[in-house]
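Participant: How does the following fold in three dimensions:
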Amino acid sequence: MKKLLIVLLLWCPLGFAQQSAYEFDSAHTKIVFKLETGLHTVHGDFKLKRGIVRYDAATGKASGEIVIDATSGNSNSESRDHRMHKNVLESAKFTDITFVPDRLDGRVANEGESEVKLHGMMTLLGKEHEMTLPAKVQPTKEGLSVSTHFVVPYIQWGLKNPSTFVLRVSHDVQIEIEATLGATK
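Facilitator: Purely as a prediction, here's the structure:
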């Protein structure tokens, strides 16, 4: 009996792993970008196609996929957006920008704001790049409210530099995401 109790105690953490899954609400997800130029700052946005994140609180292991519609990129300038889609993002060929998480560092508290880091691979122009996204997470009645801010070194990652002789553009683009995620089963 004593051996059985010891075996059960050793295996319980595996049996009761706290696995959670959250699906992004596309209607309540805002993805904005900011790109500095020598003359002004370009602001724009992208639309979320879909997203789900699963994680195990006991191990930190994460999975899922977040898919952004590369063709939806909009800076409110038709000519600039045409150049962005044709020359930089090549969105006719690479329609999706994806992030596949593999690890969550930190703990999502049941109440109040938590700061975590979601590690994974971002695919842009068909090439994977390792990233860690710092995020603020707030539990809600339906799931989670999440915000993150990170930098994409798009020139370093092999995308074309949109700078011209007259206009110089930063080699990094700032991304901010605010999202509502609903709990799934």
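Participant: What's the first helix or strand after the strand of greatest length in the chain?
Facilitator: Longest strand in the chain by number of residues (criterion: DSSP state E): strand 19-36. Once the chain leaves strand 19-36, the next helix or strand it forms, by DSSP states H and E, is strand 41-56.
Participant: Partner strands of the following helix or strand past that following strand, with direction?
Facilitator: Downstream of strand 41-56, the first helix or strand assigned by DSSP H and E is strand 62-74. Strand 62-74 has its sheet partners listed here by DSSP bridges as strand 41-56 (antiparallel), strand 96-105 (antiparallel).
Participant: Of those, which is nearest Asp172?
Facilitator: Nearest to Asp172, of all the strands paired with strand 62-74, is strand 41-56, at 12.7 Å by C-beta to C-beta. All C-beta atoms are positioned from the backbone trio N, CA, C, and that covers glycine.
Participant: what is the orientation angle of that closest one with strand 19-36?
Facilitator: Orientation check (axes from the mean of the first three to the mean of the last three C-alpha atoms, to 10 degrees): strand 41-56 against strand 19-36 gives 170 degrees.
Participant: Could you export strand 41-56 as CSV, CA atoms only?
Facilitator: Provided in CSV are the C-alpha atoms of strand 41-56 (Å, rounded to 0.1, in the frame of the first residue of the first chain):
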residue,chain,number,x,y,z
THR,A,41,6.7,57.7,-39.0
VAL,A,42,4.6,55.3,-41.0
HIS,A,43,1.7,53.7,-39.1
GLY,A,44,-0.3,50.8,-40.4
ASP,A,45,-2.0,47.6,-39.5
PHE,A,46,-2.5,43.9,-40.4
LYS,A,47,-5.5,41.6,-39.9
LEU,A,48,-5.4,38.3,-38.0
LYS,A,49,-6.5,35.2,-40.0
ARG,A,50,-6.6,32.9,-37.0
GLY,A,51,-4.7,32.0,-33.9
ILE,A,52,-4.6,29.4,-31.1
VAL,A,53,-2.1,29.0,-28.3
ARG,A,54,-1.9,25.9,-26.1
TYR,A,55,0.4,25.7,-23.1
ASP,A,56,1.1,23.5,-20.1
